[in-house]
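> structure, please.
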Amino acid sequence: MSDLPKKVLVAITARPSYSRIRTALQALRDQGKVDIACLCSGAALSSLHGRVVEHIRADGFAVVAEGETLVPGNEPIRMAETTAHTILFTARHLAANPPDWVVTIADRYETLGTAVAASYLGIPLIHVQGGEITGNIDERVRHAVTKLSDVHLVANFHAAQRLIDMGEHPETIYVTGCPSIDLARTSTRIPLADLRQALAAQGLGDFPLDGDFVVVLQHADTTEHAAAYRTMRTTLEAVAAVGIPVLAFHPNSDAGSAAAGRAVAEFARDFPAVPLWRINNLEGRLFLRLLQQSRCLIGNSSVGIRECAYLGTPVVNLGDRQHGRERAGNVVDCDWDRDAITEAVRRQIRQTYGSSDLYGAGYSGDRIAEVIARLPPPRTKRYYRDPRGNRDRRSIGPWGGSAIPPLAPGTSSCSASLPPIAGEMIHFF
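Down below sits the predicted model:
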């Protein structure tokens, strides 16, 4: 066996991708056992979406190549085209510079491009955050990437069991928690003065950070992208009726995002008396510190389901984009109805919630780093069928224990039963 360190290439295609792997990269660097590098493409290079590639370099990580793969536009075909460009860019890079492992993250369409390229070039693939269910195209992408991947680093035991139901071998599945929770844990220590300075640098020095305010972060639902303008307008009208300051973030690059962004701009123009501030992007930890400071997050981003659970931030989750994801008690789900949204926000801004470790306790990066550092060569991928059958398997706990009960609000399926050794393999037999 070679004494050279294992070469791991991490594909980062958007702002959330980096947030969900950053602490793992830091832990891998601190270990010194793995040669890590980043491959950046898609929205990670977009100025409108924060150009996260600059944050990656500022954190001291090597970016071995950049690919301008993002095809801008408001139509679903642009996502397909971006995926195709991502396959081409990634495949060419991997062919010229093959690593030992490739890491792909979560469920965006660019993630699928990375997975296809690595699979066809025969390079083992590690997928972070598979096994979750949601209400739009992201779920299809996530499950497709699962079937192309060799190793799975999942957020909780519910996700792990779903992967086994999909035919993934238990020994390839590691329950690590969600590394974005690590950022949430460290963000709570950021002084409010630092957040105020960051907002001022973007022309928001007059934002009332010390008082009550809410945050709107709403992405276009790719299954209903044609309604993006209407749903964003409905949300803003509903939140404005509550009568407290609003900070609205620009949506991501999915189909419908341009219409959603236009709805925010035109609402601000049409209702200048509404205390509305707009912002394109904020560094990940500062963004989470902002959410902790806010009275409520309104929208359909996964940050409301994941990080806000840990932060205890009240959330009004809109529509079906996060349908099926396990929730902590801080989330109230609401349809696209203006009066219902207003009432839900009014209730939530009066609530206080404790921290939940549903998606981790804030140390997932260390667990992921330990798993990656000691990964053996991957097994030949075959469909796995538990000899006891699906019905029996669903009633068996992942560590040889008793049945896993239905998830109660505010409880954890990640850390409560997690073994003390980082990255223990899942075994159902």
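> just the pLDDT at Ala144, thanks.
As predicted, Ala144 sits at a pLDDT of 97.
> so for the helix or strand where it lies, what gets flagged as buried?
Assessed by DSSP states H and E, Ala144 sits inside helix 137-148. Applying a neighbour-count criterion of 16 or more other Cβ atoms under 10 Å, one finds Ile137, Asp138, Glu139, Val141, Arg142, His143, Val145, Thr146, Lys147, Leu148 buried in helix 137-148. Bear in mind the C-beta positions are built from the backbone N, C-alpha and C, glycine included.
> dump those to CSV, plus distance to Ile173.
Converted to CSV, these look like this (distance: Cβ to Cβ, whole Å):
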residue, distance to Ile173
Ile137, 24
Asp138, 20
Glu139, 18
Val141, 19
Arg142, 14
His143, 14
Val145, 14
Thr146, 10
Lys147, 13
Leu148, 15
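> ok, of those, which one's closest to Leu291?
For these, the closest approach to Leu291 (Cβ to Cβ) belongs to Asp138, at 20.9 Å.
> so for the closest one, what's the pLDDT?
Asp138 is assigned 85 on the pLDDT scale.
> cool, the one 3 residues further on as well?
In the prediction, the pLDDT value recorded for Val141 is 95.
> got a list of what it touches?
The contact partners of Val141, by Cβ atoms under 8 Å, 6 or more residues apart in numbering, come to Asp107, Arg108, Tyr109, Thr111, Leu112.
> what's the closest of the residues you listed to Arg92?
Scanning the contacts of Val141 for proximity to Arg92, where the rule is Cβ to Cβ, the winner is Leu112, at 17.1 Å.
> and that closest one, that's in a helix?
Yes: with DSSP: H, G, I helix; E, B strand; the rest coil as the criterion, Leu112 is located in a helix.
> check the gap between it and Val154 for me.
Look at Leu112 and Val154: by Cβ to Cβ, to the nearest Å, they are 18 Å apart.
> who's more crowded, those two?
Here Leu112 and Val154 are set side by side on neighbour count (other Cβ atoms under 10 Å), and the busier one is Val154, at 27 against 21.
> where's that one relative to Ala106, distance?
11 Å.
> any common contacting residues for these two?
When contacts are counted by Cβ under 8 Å, 6+ apart, the set common to Val154 and Ala106 consists of Gln129.
> following the chain past the helix holding Ala144, name the next helix or strand.
For helix 137-148, the succeeding helix or strand toward the C-terminus, using DSSP H and E, is strand 151-154.
> was I right about Leu311 contacting Ala184?
Yes: applying Cβ atoms under 8 Å as the test, Leu311 and Ala184 come out as touching, 5.5 Å apart.
> which residues do those two both contact?
Overlap of the contact sets of Leu311 and Ala184 (by Cβ under 8 Å, 6+ apart) consists of Leu288.
> make sure I have this right: Val316 is in a helix.
No: residue assignment for Val316, taken from three-state DSSP, gives strand, which places it outside any helix.
> report the contact partners of it.
By Cβ under 8 Å, 6+ apart, Val316 lies in contact with Cys296, Leu297, Ile298, Gly299, Val332, Cys334, Ile341, Ala344, Val345, Gln348.
> same thing but at 7 Å, please
Residues in contact with Val316, defined by Cβ atoms under 7 Å, 6 or more residues apart in numbering, are Cys296, Ile298, Val332, Cys334, Ile341, Ala344, Val345, Gln348.
> need those in TSV (columns: distance to Thr231).
What follows is the contacts of Val316, written out as TSV (distance: Cβ to Cβ, whole Å):
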residue	distance to Thr231
Cys296	18
Ile298	12
Val332	17
Cys334	12
Ile341	10
Ala344	15
Val345	15
Gln348	19
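> just those: which are in helices?
Ile341, Ala344, Val345, Gln348 (DSSP state H).
> neighbour-wise, which of those residues leads?
Highest neighbour count within these, by other Cβ under 10 Å: Val345, with 26 neighbours.
> tell me where the model's unsure across this structure.
Low-confidence segments of the chain (pLDDT under 70): 1-3, 222-225, 253, 255, 387-429.
> just the strands from it, written as ranges.
In the chain, the strands defined using DSSP state E lie at 6-12, 34-41, 63-67, 101-105, 125-128, 151-154, 173-175, 214-217, 246-249, 276-279, 296-299, 315-318, 331-334.
> could you dump those strands to TSV with distance to Tyr353?
Shown next, in TSV, are those (distance: least, Cβ to Cβ, whole Å):
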stretch	distance to Tyr353
strand 6-12	31
strand 34-41	35
strand 63-67	38
strand 101-105	27
strand 125-128	26
strand 151-154	24
strand 173-175	24
strand 214-217	15
strand 246-249	20
strand 276-279	25
strand 296-299	11
strand 315-318	9
strand 331-334	9
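> pull out the buried residues from stretch 241-254.
Residues Val242, Ile244, Pro245, Val246, Leu247, Ala248, Phe249, His250, Pro251, Asn252, Ser253, Asp254 are the ones in stretch 241-254 that count as buried (16+ other Cβ under 10 Å).
> equivalent analysis for stretch 178-190, please.
Buried residues in stretch 178-190, counting neighbours by 16+ other Cβ under 10 Å, are found at Cys178, Pro179, Ser180, Ile181, Asp182, Leu183, Ala184, Arg185, Ser187, Ile190.
> between those residues, which sits nearest Val303?
Distances from Val303 to the buried residues of stretch 178-190, taken by Cβ to Cβ, are shortest for Ser180, at 7.8 Å.
> so the closest one sits against Ser17, correct?
No: in this structure, Ser180 sits apart from Ser17 without contact. The criterion is Cβ atoms under 7 Å, and the distance is 10.1 Å.
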